[in-house]
Each structure stands twice: as structure tokens, then as C-alpha cells.
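Participant: no sequence for this one, just the structure:
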């Protein structure tokens, strides 16, 4: 049942309003639906670079759905999936930058599937992916301190205790929100229970400026 609820939520992402520079495309298979963004940037080269990077995520998902996961170095068998979906959301855009969230979901059996949330920020002039340190230079311990009071679900619900773990790393997946908020994205089970999804830490512009000053 959970996987069907999840798939409905993924479909709802496409109902959200988006800017004219982002359009949705769909690939349908026998047991999956891959919805992904197509970006129009400030020039042809940037447009091509952004969409090429986005297609890496889409093509990896479609390949896994069609052929199963690659056999790993230890010779373990492929994993084949029964259901799957991808969805996306425009998180922030201005004339120079676009920030997206891309989510892929895989179900191979059992109580629930697994989903992975990718925060993507691109320069609309060059098409280059903008690394987190461009906006936020922070250490794991500093991020752990911020997470105590500023840990949220992807839907914006504040998360309290209990938690499964503490911050041990600085994720490179992140997205931007309006007003200059920077949101590193953690994986399922890393900090909170599966039901909470992939948590984010919201770093305000003032706190980001503070950490950037002390972590030059």
C-alpha cells in the first residue's frame, strides 16, 4: 500500500506550477513512469549541459527498471524492480541560477521501496553544477549543531526527536529556497525514520554568511 501512496505523491509533483524555463517530460515503461525536467537556460550551451546532467539520473533509473541493477564487484546478483517512478520539483529560480529536486523511487518487494532525493543547483549561464561550498562552507560538527533545531522534512515539517543518528558528514546534495535558504539533503534512515523521508537542514542566509566567514 505504501508504494502506491508514494507513487500518487510523485504524480502530484507535476501538478505544481513551474517557471516557463522548465518543462516536464515523461518516459513510460511496463512497470514504471519516469518524469523529469527539461530546462531552458540562458544560452544553448548551458541548456545542453544542464539537460545532459539531468539525463544521467533519468537514464540510470530507466536502465535499472529495464535491466535491473548492475552486478557488483563481489558478484552479487542483479536486483530487479516491480515498480518505480521519478518526480521532480522546481525549488528556486532567478535569472542566473536554477535549483531542482529530483526523486527516484525503486520497489523490488517487501514492506516498502527506497527513494533517493537529489538536490541540484545549476548556473544558467554556463550550465555547470554549482557546488554546495559556493553558498555554504560548513563542517560536519557545525551542521550537526544546526540540525538540532533546523531539521525538516522535504515538505517543510519540522522534525524533533527521537532520531536515528547525528550528522556525520556534509552532504553535497542540496537545493536552494526563496530568500537565500540553503538546504543540504540527507538520505533515508541516515538521521530519522523511513516515514520521515529524506531530511533536510535549513540554513538561513545569516547563518550561511556566518559559517562562510569563519570557514574561509
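Facilitator: Yep, that arrived. Predicted model, so just to flag it, every value in this text is computed and none were measured.

Participant: break the chain into its domains for me.
Facilitator: Per automatic domain parsing, the structural domains of the chain span 1-130, 131-216.

Participant: and the last one, end to end?
Facilitator: Distance between the boundary residues of domain 131-216 (CA to CA, to the nearest Å) amounts to 15 Å.

Participant: make 39 the first number, not 1, from now on.
Facilitator: Got it, the first residue is 39 from now on, which makes the last one we talked about domain 169-254.

Participant: and the helices in the chain?
Facilitator: Assigned by DSSP state H, the chain shows helices spanning 40-51, 82-105, 178-188, 243-252.

Participant: not counting its neighbours along the chain, what's nearest residue 254?
Facilitator: residue 175 (7.4 Å; CB to CB, 6 or more residues apart in numbering). Yep, even glycine has a C-beta here, placed from its N, CA and C like the rest.

Participant: residue 87 now?
Facilitator: Nearest one to residue 87, counting by CB to CB, 6+ apart, is residue 165 at 2.7 Å.

Participant: neighbours of residue 62, how many?
Facilitator: 13 (other CB atoms under 10 Å).

Participant: returning to what we had before: mind putting the domains of the chain into TSV with mean pLDDT?
Facilitator: TSV is the format used below for these (pLDDT from 0 to 100):
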stretch	mean pLDDT
domain 39-168	86
domain 169-254	95
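
Participant: need the contact list for the closest residue in space to residue 134 that isn't next to it in sequence.
Facilitator: Nearest residue to residue 134 in three dimensions, chain neighbours excluded: residue 162, at 5.7 Å (CB to CB, 6+ apart). Contacts of residue 162 were listed using CB atoms under 8 Å, 6 or more residues apart in numbering, and they are 59, 79-80, 84, 88, 133-136.

Participant: and with 7 Å instead?
Facilitator: By CB atoms under 7 Å, 6 or more residues apart in numbering, residue 162 lies in contact with 79-80, 84, 134-136.

Participant: buried ones among these?
Facilitator: The neighbour-count test (16 or more other CB atoms under 10 Å) marks 79-80, 84, 135-136 as buried among the contacts of residue 162.

Participant: which of these sit farthest apart?
Facilitator: 84 and 135 (11.3 Å; CB to CB).
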